[in-house]
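Asks: kindly return the folded structure for what I paste below:
(chains A and B)
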Amino acid sequence: MPATSKCPECDADLSVGADAVKGEIVSCPDCGAELEVTGTAPVALALAPEAEEDWGE
Amino acid sequence: MNSLTVGVLLSRVRVEEKLLLEELERRGIATKVLDDRELVLTLEKKPELGVDVVLERCIQHSRALYALSVLETWGIPTVNSFEVADICGNKLLTTMRLIRDGVPSPRTRLAFTPEAALAAVEDLGYPAVLKPLVGSWGRLISKVNDRDAAESILEHKDVLGTYIHSIYYVQEYIPKPGRDIRAFVVGDETIGAIYRYSDHWITNTARGGKATKCEVTPELNELCVRAARAVGGGVVAIDLLEAPEGLLVNEVNYTMEFRNSIDTTGVNIPGRVVDYALQLATPA
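Replies: Here you go, the predicted structure:
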């Protein structure tokens, strides 16, 4: 069962898959913000950190 | 049943990390996620992480590099090694390894002042490419089409950049057929490759490039394995350009992204990475 939560950026309702894990990144379908799953029971979301200079593969 | 515990050092669980964690779970392998934001490593004694091998998947190069230094010094096997991260995280060091080992790569110049960099650009001819030594996803890479652009970009780097942007890495521009090649090497084998197509001269899929399968020919395999060995071996992704004179190795990436390449290549890339990590953790 996907869990629902609110986007911390735009307050839209969004659902997070049942297999989500802590630290996973999801996108808000409404505003496109990158969100980090900070908790799974219950689901908690926070804005993901912005890219920094030495980020990348 | 495998009794090993695999540590996955990560910053965020992106698609790649999730695929690796799922692969480990599917095999019933004990896994410990090490979040680099919460990690405290003791330096003067072996860090008690309770893992037999660490798969390094940090997004930030600096975190990866320093964590690997500590883990490796204390004899904890890591994928990749500190050496590989150090070399691949820096375009100049990578280029020098490729040159040392006779792996074909674009002609490159190094300069330390804007004036010398301009001379280097003029020596290579227009267009030329200016790249930051550290950085990825194709960011801050400039195609310099003429002298006006060269002077402008070099002044911006000099005035606005941190000091690392004043180490000028200037490369010849390779006209390519609207695509480049990304090949995945695990150990001594090129396990798969893709073509990355883009209308933009930067073909990185992180920038919207499209991918199709590229057959791993014996020639491609041999070249990629040589490039991988040049930087220290392990699990790496090689970027190649199809120049008129043949394939050139452009870059080697040590924390490879592969989300767009599993279906395209038909290769279980996370499975192969996990195999490699387990092999490293198992004493011969």
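
Asks: can you list the low-confidence ranges for chain A?
Replies: A:1, A:53, A:56-57 (pLDDT under 70).

Asks: can you do 80?
Replies: Applying pLDDT under 80 to chain A flags the ranges A:1-2, A:49-57.

Asks: can you give me the strands in it?
Replies: Counting by DSSP state E, chain A has strands at residues A:3-6, A:13-16, A:25-27, A:34-40, A:43-47.

Asks: so which bits of the second one are buried?
Replies: Translated: strand A:13-16. Applying a neighbour-count criterion of 16 or more other Cβ atoms under 10 Å in any protein chain shown, one finds A:14, A:16 buried in strand A:13-16. (C-beta placed from N, C-alpha, C; glycine too.)

Asks: what does it rub up against?
Replies: Residues outside strand A:13-16 that contact it (Cβ atoms under 8 Å, 6 or more residues apart in numbering or on different chains): A:2-7, A:26, A:28-30, A:37, A:43, A:45.

Asks: again, only this time at 6 Å
Replies: A:2, A:3, A:4, A:7, A:28, A:43 (Cβ atoms under 6 Å, 6 or more residues apart in numbering or on different chains).

Asks: buried ones among those residues?
Replies: A:3, A:7, A:28, A:43.

Asks: which residues touch the second one?
Replies: By that I understand residue A:7. Going by Cβ under 6 Å, 6+ apart, residue A:7 touches A:14, A:28.

Asks: now do residue B:129
Replies: By Cβ under 6 Å, 6+ apart, the residues touching residue B:129 are B:143, B:171, B:173.

Asks: between those, which is nearest chain A?
Replies: Nearest to chain A among these, counting by Cβ to the nearest Cβ, is residue B:171 at 18.0 Å.

Asks: after the host helix or strand of that closest one comes which helix or strand?
Replies: If you go by DSSP states H and E, residue B:171 is part of strand B:168-172. Counting by DSSP H and E, the next helix or strand C-terminal to strand B:168-172 is strand B:179-186.

Asks: what strands line up against that following strand, and which way round?
Replies: Strand pairing for strand B:179-186, determined by DSSP bridges: strand B:189-197 (antiparallel), strand B:235-243 (antiparallel).

Asks: list the contacts of that strand.
Replies: B:190-197, B:203, B:214, B:224, B:228, B:235-241, B:272, B:276.

Asks: at 8 Å what do you get?
Replies: B:190-198, B:203, B:205, B:211, B:214, B:216, B:220, B:224-225, B:227-228, B:235-242, B:247, B:250, B:256, B:258, B:261, B:265, B:267, B:269, B:272-273, B:275-276.

Asks: and these, which are buried?
Replies: B:190-196, B:198, B:203, B:205, B:211, B:214, B:216, B:220, B:224-225, B:227-228, B:235-242, B:247, B:250, B:256, B:258, B:261, B:265, B:267, B:269, B:272-273, B:276.

Asks: tell me the secondary structure for residue B:33?
Replies: Under DSSP: H, G, I helix; E, B strand; the rest coil, residue B:33 falls in the strand class.

Asks: that one touches residue B:10, doesn't it?
Replies: Yes - counting by Cβ atoms under 8 Å, residue B:10 is a contact partner of residue B:33 at 6.6 Å.

Asks: which residues do those two both contact?
Replies: Joint contacts of residue B:33 and residue B:10 (Cβ under 8 Å, 6+ apart) are residue A:23.

Asks: show me what contacts the residue most central in space within chain A?
Replies: By Cα atoms, centre = their mean, chain A has its centre lying nearest to residue A:35, at 2.9 Å. For residue A:35, the contact set (Cβ under 8 Å, 6+ apart) comprises A:7, A:8, A:9, A:25, A:26, A:27, A:28, A:45, A:46, A:47, A:48.

Asks: ok, and the closest non-adjacent residue to it?
Replies: Excluding the flanking residues, the one nearest residue A:35 by Cβ to Cβ, 6 or more residues apart in numbering or on different chains is residue A:45, at 4.6 Å.

Asks: tally up the residues packed near the one you found, please.
Replies: 21 (other Cβ atoms under 10 Å in any protein chain shown).

Asks: that one touches residue A:9, doesn't it?
Replies: No - counting by Cβ under 8 Å, residue A:45 stays clear of residue A:9, with 9.3 Å between them.

Asks: isn't residue B:78 up against residue B:51?
Replies: No - using Cβ under 8 Å, residue B:78 makes no contact with residue B:51, being 10.1 Å away.

Asks: tell me which helix or strand the residue nearest to residue B:75 when sequence neighbours are not counted sits in.
Replies: Sequence neighbours aside, residue B:46 is the residue nearest to residue B:75 in space, at 7.2 Å (criterion: Cβ to Cβ, 6+ apart). Following DSSP H and E, one finds residue B:46 outside all helices and strands.

Asks: distance of residue B:46 from residue B:9?
Replies: 16 Å (Cβ to Cβ, to the nearest Å).

Asks: neighbour count winner among these two?
Replies: Taking neighbours as other Cβ under 10 Å, residue B:46 and residue B:9 compare with residue B:9 leading, 25 against 12.

Asks: now do the more buried one against chain A, distance only.
Replies: Distance of residue B:9 to chain A, computed by Cβ to the nearest Cβ, to the nearest Å: 12 Å.
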